[in-house]
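# Provide a 3D model corresponding to the input given below.
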Amino acid sequence: METMSSMRAQLPSDVAELPPGAMLRDPSDRWSAAVTPPRGVYKLRDDATGYVMTKPFEANNPMPGAFRETCDYIVPMLNPVLKPKGQGVKKAATEAGAEASTSGKAKKEKKPAAVVEDVDPILKSKLAVGVVVDVGYVENSDKLYLCKVDVGEEAPRQVVTGLRAYVPEDVLKGAKVLTILNLKPAKLAGQTSEAMILATEFDGQVKLVGVPADAKAGDAVGAAGFTAPETYPKECKSKFWAAVQEKLSVKGGKAYYGDAVLACASGECTADAPDGSGIK
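Model (predicted):
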């Protein structure tokens with residue numbers, strides 16, 4: 001086994017005999033009694049740069065001979081890893097495509113976007129015949145009725161309506177009316193309204209839209225020429241209902257949606273109002 005004295009004999013000529021257990025504190029120092037270095041390890045100072053290397057670990061370190069306070073020496077170290085912009089080798093499109101198809105990470109084909117069906121808003125509005133079975137009042141309000149309306153369901157719906165100033169209570173109670181059933185329930189004066197009763201509006205007057213005398217509660221009402229959907233959306237959004245209201249009007253004593261009269265299986269809906277009157 002090689003002895004410490006034989007290893008010290010192999011030190012470079014410019015390195016003085018160094019005592020074991022020494023650590024360099026200053027480039028002019030040699031080993032001092034601090035830490036015992038591993039066997040065969042020694043310090044060597046580069047005269048050109050003043051850099052002190054720990055041999056043999058830094059035998060291939062390029063800094064002693066290349067370091068001159070610039071970083072140019074790094075460039076040859078990085079070649080060929082670092083290439084000037086534009087000099088990289090691009091794969092051919094066919095090669096890249098083949099590699100992607102076999103890598104297992106090829107992008108999935110995008111599904112075509114779903115076609116948005118252009119449906120007339122009247123087909124989103126669930127209109128039906130209702131029968132007003134009870135009329136009450138909303139506390140602290142002289143404009144609102146609190147009604148119970150039979151629309152052919154298991155129980156009547158509660159409807160809050162602003163007809164109190166226009167339609168007498170005895171006229172409203174028992175009347176057959178035109179309603180819309182799938183608007184979002186609204187809170188009016190603290191009461192929930194689960195449907196809306198439609199009426200004409202003209203010259204400050206408001207009158208109920210009429211339905212056929214033999215119509216029954218829950219009978220569907222639609223616009224002539226439109227095929228009613230099998231099911232209506234649970235909620236007709238306000239923007240769709242606003243679009244419907246813009247086209248609801250009176251023509252020749254009848255209620256129309258655009259050029260299509262509103263009707264149920266028993267006949268057409270009527271309106272005692274001048275032509276062009278709105279329906280809300």
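# before we move on, what SS does Y166 have?
Counting by DSSP: H, G, I helix; E, B strand; the rest coil, the backbone at Y166 sits in coil.
# what residues are up against the nearest residue to it once chain neighbours are set aside?
Excluding the flanking residues, the one nearest Y166 by C-beta to C-beta, 6 or more residues apart in numbering is V206, at 3.9 Å. All C-beta atoms are positioned from the backbone trio N, CA, C, and that covers glycine. For V206, the residues meeting the contact criterion (C-beta atoms under 8 Å, 6 or more residues apart in numbering) are L163, Y166, V167, A199, T200.
# how near is the third one to D142?
Distance, V167 to D142, by C-beta to C-beta, to the nearest Å: 14 Å.
# the more surrounded of the two?
Under the neighbour definition other C-beta atoms under 10 Å, V167 and D142 were set side by side, and V167 has more, 22 against 8.
# what are the ranges of the strands in the stretch 51-200 of the chain?
With DSSP state E, counting those that start in this stretch as the criterion, the stretch 51-200 of the chain has strands at 52-55, 127-137, 145-150, 157-161, 176-180, 186-188, 191-193, 196-197, 199-202.
# bridging residues for the residue nearest to Y166?
Partner residues in beta bridges with V206: E201, with DSSP bridges as the criterion.
# any figure for the gap between it and L144?
Applying C-beta to C-beta, the value for V206 to L144 is 13 Å.
# same check on S249?
Applying C-beta to C-beta, the value for S249 to L144 is 26 Å.
# likewise for I279?
20 Å.
# including mean neighbour count and mean pLDDT, could the strands of the stretch 51-200 of the chain go into JSON lines?
Shown next, in JSON lines, are these (neighbours: other C-beta atoms under 10 Å; pLDDT from 0 to 100):
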{"stretch": "strand 52-55", "mean neighbour count": "16", "mean pLDDT": "73"}
{"stretch": "strand 127-137", "mean neighbour count": "21", "mean pLDDT": "97"}
{"stretch": "strand 145-150", "mean neighbour count": "22", "mean pLDDT": "98"}
{"stretch": "strand 157-161", "mean neighbour count": "21", "mean pLDDT": "98"}
{"stretch": "strand 176-180", "mean neighbour count": "23", "mean pLDDT": "98"}
{"stretch": "strand 186-188", "mean neighbour count": "12", "mean pLDDT": "94"}
{"stretch": "strand 191-193", "mean neighbour count": "16", "mean pLDDT": "96"}
{"stretch": "strand 196-197", "mean neighbour count": "22", "mean pLDDT": "98"}
{"stretch": "strand 199-202", "mean neighbour count": "19", "mean pLDDT": "96"}
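# could the ones you listed go into CSV alongside distance to P212?
What follows is the strands of the stretch 51-200 of the chain, written out as CSV (distance: least, C-beta to C-beta, whole Å):
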stretch, distance to P212
strand 52-55, 106
strand 127-137, 8
strand 145-150, 16
strand 157-161, 21
strand 176-180, 8
strand 186-188, 28
strand 191-193, 25
strand 196-197, 17
strand 199-202, 17
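# and of the ones you listed, who's closest to A213?
Taking C-beta to C-beta as the criterion, strand 176-180 is the member of these that comes nearest to A213, at 7.5 Å.
# that closest one pairs with which strands, parallel or anti?
Taking DSSP bridges as the criterion, strand 176-180 forms sheet pairs with strand 127-137 (antiparallel), strand 196-197 (antiparallel).
# quick one: R45 and V52 touch, right?
Yes - with contact taken as C-beta atoms under 8 Å, R45 and V52 are classed as touching, separated by 4.8 Å.
# quick one on the thing from earlier: out of the strands paired with strand 176-180, which comes closest to A175?
Of all the strands paired with strand 176-180, strand 127-137 sits nearest to A175, with 5.2 Å by C-beta to C-beta.
# quick check: angle from that closest one to strand 145-150?
140 degrees (axes from the mean of the first three to the mean of the last three C-alpha atoms, to 10 degrees).
# so strand 127-137 versus strand 157-161, what angle?
Using the same axes, to 10 degrees, strand 127-137 lies at 70 degrees relative to strand 157-161.
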